[in-house]
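[1] Sequence first, then the predicted structure:
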Amino acid sequence: MGINIVPGGGFDRELVDAKGDIIAATAADTVARLAVGANGTVLTAASGQATGLQWAAAGSNPSFTLLNSPSTSLSGSASTTISFTAYNYLAVFITDTSTVNTEVELNFRWNNDTGSNYRLSNVRWESQTSGYGRSSSGDTSLNIFGTQAAAADTNTACIFLSGGQGSGVKPYEFQGASSGNSPSRTYFGRGVYLGSSTITGITIFTSSGNFDAGTVRVYGAN
Amino acid sequence: MELIHRFIDTVTGEVVDKPYTKKELDELKINQKRIDAELAEAEAKAQAKATAESKLAALGLTTDDLRALGL
């Protein structure tokens, strides 16, 4: 495959043969045709190839699967443990939980593990003018504190964890808010679960009374 | 009211409700004490702030005046 430079500085059009073909340098002042790749492939650098390029399969994004279809109702329980097969990535959505009590906390555990394996830092904002942060280490649960100020309030939260299939530490993030109360409350934070087992369950529990409302959806992806 | 711990196995579809164990009830009590302490502390801080703001108002000052003084 030669250099097809034509007088005037352009390339000889006969260098390319098909729709999608591209011209790439194989060395200084030297070019060659690289045939179009298969549908869906992407062009990637490849120093071992003559043109330094090759067509490769496109990377795929993890696809999340709902593990507790269509959802799990928390009503009638103070604590609910949902077990599932292990996934590397987990996304948990807790919607509109409430109890008949006030100042109710939401708490979470992986694998219903009551050991001191939850390290986190979080920030809680109460009203628009005050807020404070809190960090702790070695807690026995992931504690979202003081979220439901009044009995009529509801809490909504989400948690994301990665590394669920591994034996190392597993980072997670969480955020949420309560609705209907005054002052309003929101919270967010990050943490690490220190347990070495793969994650095959999550426990959601209140600090006071049984839930009278609320749903949970757990998604997993690899 | 009896507190329930519900176990749901998404693989087998099994759902089991169990009453709280003594360990779970004990943990609940410990948590409630901590929550009560945090609420009392927050209430005390709010009360102290309100008291300080009334004293400032009696002097014709506001918290903005204190900030202007670098306090």
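    Noted; the coordinates are in hand.
[2] could you say which helix or strand contains the most centrally placed residue in chain A?
    Nearest residue to the geometric centre of chain A (C-alpha atoms, centre = their mean): A:Phe160, 4.8 Å. For A:Phe160, the element it lies in under DSSP states H and E is strand A:154-162.
[3] That strand vs chain B: in contact?
    No: on the criterion C-beta under 8 Å from any C-beta of the partner chain, strand A:154-162 is out of touch with chain B, staying 14.6 Å away. Every C-beta, even on glycine, is put in place using the N, C-alpha and C of the backbone.
[4] Whichever helix or strand comes after that strand - what's its average pLDDT?
    Using DSSP H and E, the next helix or strand after strand A:154-162 towards the C-terminus is strand A:170-179. Per-region confidence: strand A:170-179 scores 88 on mean pLDDT.
[5] what's the answer for stretch A:13-26, then?
    Per-residue scores along stretch A:13-26 average to 90.
[6] hmm, back to that, identify the bridge partners of the residue nearest to the centre of chain A.
    Note on A:Phe160: beta-bridge partners by DSSP bridges are A:Ala91, A:Glu173.
[7] who's in contact with it?
    Contact partners of A:Phe160, counting by C-beta atoms under 8 Å, 6 or more residues apart in numbering or on different chains, are A:Tyr89, A:Leu90, A:Ala91, A:Val92, A:Tyr172, A:Glu173, A:Phe174.
[8] Ends of stretch A:47-61, what's the gap?
    End-to-end distance for stretch A:47-61, by C-alpha to C-alpha, to the nearest Å: 26 Å.
[9] any low-confidence regions in chain A?
    A:1-9, A:125-137, A:145-147, A:181-184 (pLDDT under 70).
[10] Enumerate the residues of it near chain B.
    Residues of chain A lying near chain B (C-beta under 8 Å from any C-beta): A:67-68, A:72, A:76-85, A:103, A:105, A:107, A:114, A:140, A:145-146, A:205, A:207-210, A:218.
[11] Buried by neighbour count, from those: which ones?
    For the residues of chain A next to chain B, a neighbour count by 16 or more other C-beta atoms under 10 Å in any protein chain shown gives the buried set as A:67-68, A:72, A:77-84, A:103, A:105, A:107, A:140, A:145-146, A:205, A:207-210, A:218.
[12] Need phi/psi at B:Phe66.
    Not quite, residue B:66 is Leu, not Phe. phi -70, psi -40 (degrees, to the nearest 10).
[13] Can you report how many residues lie near it?
    12 (other C-beta atoms under 10 Å in any protein chain shown).
[14] quick one: average pLDDT of stretch B:45-58?
    91.
[15] So what's the gap between stretch B:62-71 and the chain middle?
    How far stretch B:62-71 lies from its chain's middle: 30 Å, per C-alpha atoms, centre = their mean, to the nearest Å.
[16] For the helix or strand containing B:Lys55, what is the distance to the chain centroid?
    Secondary structure from DSSP H and E places B:Lys55 in helix B:22-58. Computed by C-alpha atoms, centre = their mean, the chain-centroid distance of helix B:22-58 equals 7 Å.
[17] contacting residues for A:Gly115?
    Contacts of A:Gly115 by C-beta under 8 Å, 6+ apart are A:Thr140, A:Gly195.
[18] Surely it is in a strand?
    No: according to DSSP: H, G, I helix; E, B strand; the rest coil, A:Gly115 belongs to no strand; its state is coil.
[19] separation between it and B:Leu39?
    27 Å (C-beta to C-beta, to the nearest Å).
[20] Report all helices and strands that the helix holding B:Lys55 contacts.
    strand A:104-110, strand A:142-148, helix B:63-68 (3 or more C-beta pairs under 8 Å, 6 or more residues apart in numbering or on different chains; DSSP states H and E).
[21] Report the inter-axis angle for that helix versus strand A:104-110.
    Put simply, helix B:22-58 runs at 130 degrees to strand A:104-110, going by axes from the mean of the first three to the mean of the last three C-alpha atoms, to 10 degrees.
[22] which residues of chain B score low on pLDDT?
    Those would be none, if you go by pLDDT under 70 across chain B.
[23] Looking at it, which residue reaches furthest from the middle?
    Farthest-from-centroid check, chain B (C-alpha atoms, centre = their mean): B:Thr12, 38.0 Å.
[24] what helix or strand is that one on?
    Per DSSP H and E, there is no helix or strand for B:Thr12.
[25] so who does it touch?
    Per C-beta under 8 Å, 6+ apart, neighbours of B:Thr12: none.
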